[in-house]
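Participant: missing the sequence, but the structure's below:
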């Protein structure tokens with residue numbers, strides 16, 4: 001009998017998918033058993049429900065106690081997961097509250113007084129509320145780190161470790177991400193009890209889609225003009241990545257001056273500005289959303305035709321995280337890199353073995369090859 005058949009009626013009625021994703025069939029039974037888990041599965045493969053559904057069975061909404069904590073690196077991802085949970089808990093006594101930076105902290109404290117069953121939060125705000133004793137972390141028995149590679153990086157590592165060590169000694173810890181490095185696995189194992197390792201890659205997935213990896217050779221000064229041209233192409237719906245906020249702001253200024261249909265997303269924006277940018281992009285009012293990695297982490301944006309690497313990523317993991325946002329739900333997609341000659345060697349290393357098809361664009365000219373990775 002599958003886990004779907006074992007679900008409570010209120011949840012089973014909400015299950016509208018033809019079948020479970022591989023990460024869900026592997027992970028859900030183990031979460032229900034109370035195991036500590038480190039799970040790696042590509043972006044867009046159903047990881048959120050792989051931990052949300054078992055959590056809903058492990059917690060008790062009739063208890064006025066916060067029992068589960070989901071930690072994420074960005075405000076947008078926190079709200080996205082909160083919205084998913086809200087849909088699933090309709091008709092139950094389970095409650096959920098987001099605790100994110102950029103939002104009114106007094107309102108969040110009032111929500112905590114009502115003892116929401118599940119809290120979804122970002123590290124900075126959670127740390128602030130724990131330090132001021134507004135959030136009683138000791139009550140927590142289930143902790144999920146979504147985008148675990150970011151949360152266990154050096155920037156957040158101390159906060160996360162303190163958070164977990166302050167939780168109930170019998171806590172369950174689940175770490176999920178599209179990429180888990182050896183270092184992250186070592187760090188995670190320090191506060192987990194014999195964690196089960198679950199690892200899936202694209203070849204394990206049922207989708208029959210094709211993702212083309214391609215590049216345009218262009219000088220650095222040409223990249224903004226290229227983005228402007230791409231933004232005006234018909235039917236393009238692209239997420240474009242740059243490596244730092246300064247470059248996002250520079251490109252925003254130049255592109256909006258030229259009336260290009262773009263929006264931007266970065267950590268220095270107010271919460272309402274970020275929501276407006278996402279809304280305009282999701283509604284098709286803008287064709288390209290330019291973002292930094294952290295700002296776009298975990299966002300579920302439907303129907304992306306392209307991922308554009310304006311700047312070449314620093315690592316293979318970063319390339320995979322970005323690229324996994326297109327070619328989802330059985331649809332084809334294209335991963336396009338704007339490439340200077342200086343970046344060519346790095347690009348070859350990052351993409352070695354990834355291309356089922358190689359398209360080579362040269363500024364103003366197109367050549368197509370079907371020879372695979374060179």
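Facilitator: Cool, the structure landed. Bear in mind the structure is a predicted one, so any value in this text is a computation, not a measurement.

Participant: quick one: low-confidence ranges for this protein?
Facilitator: In the predicted model, the chain carries pLDDT under 70 at residues 1, 202-209, 295-296, 298, 328-330, 353-374.

Participant: give me the domain ranges for it.
Facilitator: What automatic domain parsing lists as the domains of the chain is 3-203, 208-369.

Participant: mind giving me JSON lines with these and columns for mean neighbour count?
Facilitator: Any C-beta I mention is one placed from the backbone N, CA and C, and that applies to glycine too. JSON lines is the format used below for the domains of the chain (neighbours: other C-beta atoms under 10 Å):
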{"stretch": "domain 3-203", "mean neighbour count": "18"}
{"stretch": "domain 208-369", "mean neighbour count": "17"}
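
Participant: so what does the longest helix anywhere in the chain touch, helix or strand wise?
Facilitator: Ordering each helix of the chain by length in residues (DSSP state H) puts helix 75-89 first. Where contact means 3 or more C-beta pairs under 8 Å, 6 or more residues apart in numbering; DSSP states H and E, helix 75-89 is packed against helix 47-58, strand 96-99, strand 118-121, helix 271-282.

Participant: what's the angle from the first one to helix 75-89?
Facilitator: What that stands for is helix 47-58. 50 degrees (axes from the mean of the first three to the mean of the last three C-alpha atoms, to 10 degrees).

Participant: run through who's touching helix 47-58.
Facilitator: Applying C-beta atoms under 8 Å, 6 or more residues apart in numbering, the contact partners of helix 47-58 are 3, 7-8, 11, 21, 23-24, 27-28, 31-32, 34, 39, 41, 67-68, 70, 81, 84-85, 88-89, 92, 94, 118, 142, 144, 146, 172, 174, 176, 300.

Participant: among the helices and strands packed on helix 75-89, which comes closest to residue 15?
Facilitator: helix 47-58 (8.6 Å; C-beta to C-beta).

Participant: next SSE after that closest one?
Facilitator: strand 68-71 (DSSP states H and E).

Participant: and that next one, what does it pack against?
Facilitator: helix 47-58, strand 118-121, helix 123-131, strand 142-146, helix 157-166.

Participant: contact partners of it?
Facilitator: With C-beta under 8 Å, 6+ apart, strand 68-71 has contacts from 51, 55, 58-59, 81, 117-123, 126, 137, 140-146, 151, 160, 163, 167.

Participant: so where do the strands sit in the stretch 101-250 of the chain?
Facilitator: Using DSSP state E, counting those that start in this stretch, the strands assigned to the stretch 101-250 of the chain run over residues 118-121, 142-146, 172-177, 196-199, 211-217, 238-241.

Participant: how about those in TSV, adding distance to residue 319?
Facilitator: Below are the strands of the stretch 101-250 of the chain laid out as TSV (distance: least, C-beta to C-beta, whole Å):
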stretch	distance to residue 319
strand 118-121	28
strand 142-146	20
strand 172-177	15
strand 196-199	18
strand 211-217	9
strand 238-241	10
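
Participant: right, so of these, which gets closest to residue 321?
Facilitator: Going by C-beta to C-beta, the one of the strands of the stretch 101-250 of the chain nearest residue 321 is strand 172-177, 8.5 Å.

Participant: which strands or helices does the closest one pack on?
Facilitator: Looks like strand 172-177 contacts strand 37-40, helix 47-58, strand 142-146, helix 148-151, helix 182-189 (3+ C-beta pairs under 8 Å, 6+ apart).

Participant: list the pairing partners of that strand within its sheet, with orientation.
Facilitator: Neighbouring strands of strand 172-177 in its sheet, by DSSP bridges, are strand 37-40 (parallel), strand 142-146 (parallel).

Participant: SS state for the nearest residue to residue 323 once chain neighbours are set aside?
Facilitator: With sequence-adjacent residues excluded and distances taken as C-beta to C-beta, 6 or more residues apart in numbering, residue 323 is closest to residue 335, at 4.4 Å. When classified by DSSP: H, G, I helix; E, B strand; the rest coil, residue 335 comes out as strand.

Participant: the one 10 residues further on too?
Facilitator: With three-state DSSP as the basis, the three-state label of residue 345 is helix.

Participant: would you mind measuring from it to residue 242?
Facilitator: 20 Å (C-beta to C-beta, to the nearest Å).

Participant: I figured residue 26 hits residue 198, correct?
Facilitator: Yes: with contact defined as C-beta atoms under 8 Å, residue 26 counts as touching residue 198 (5.3 Å).

Participant: what is in contact with the two at once?
Facilitator: Shared contacts of residue 26 and residue 198, counting by C-beta under 8 Å, 6+ apart, come down to residue 39.

Participant: show me where the stretch 251-374 of the chain has its helices.
Facilitator: 271-282, 293-296, 316-323, 344-351 (DSSP state H, counting those that start in this stretch).

Participant: quick revisit: can you redo the strands paired with strand 172-177 as a markdown table with distance to residue 225?
Facilitator: Output for the strands paired with strand 172-177, formatted as a markdown table (distance: least, C-beta to C-beta, whole Å):
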| stretch | distance to residue 225 |
| --- | --- |
| strand 37-40 | 38 |
| strand 142-146 | 37 |
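
Participant: how about those, which one is nearest residue 188?
Facilitator: The nearest among these, by C-beta to C-beta, is strand 37-40 at 5.4 Å.

Participant: roughly how far out does the closest one sit from the chain middle?
Facilitator: How far strand 37-40 lies from its chain's middle: 15 Å, per C-alpha atoms, centre = their mean, to the nearest Å.

Participant: could you do stretch 324-340 as well?
Facilitator: 16 Å.

Participant: measure that stretch end to end?
Facilitator: 23 Å (C-alpha to C-alpha, to the nearest Å).

Participant: can you put the helices of the stretch 251-374 of the chain in JSON lines and add distance to residue 63?
Facilitator: Shown next, in JSON lines, are the helices of the stretch 251-374 of the chain (distance: least, C-beta to C-beta, whole Å):
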{"stretch": "helix 271-282", "distance to residue 63": "31"}
{"stretch": "helix 293-296", "distance to residue 63": "35"}
{"stretch": "helix 316-323", "distance to residue 63": "37"}
{"stretch": "helix 344-351", "distance to residue 63": "48"}
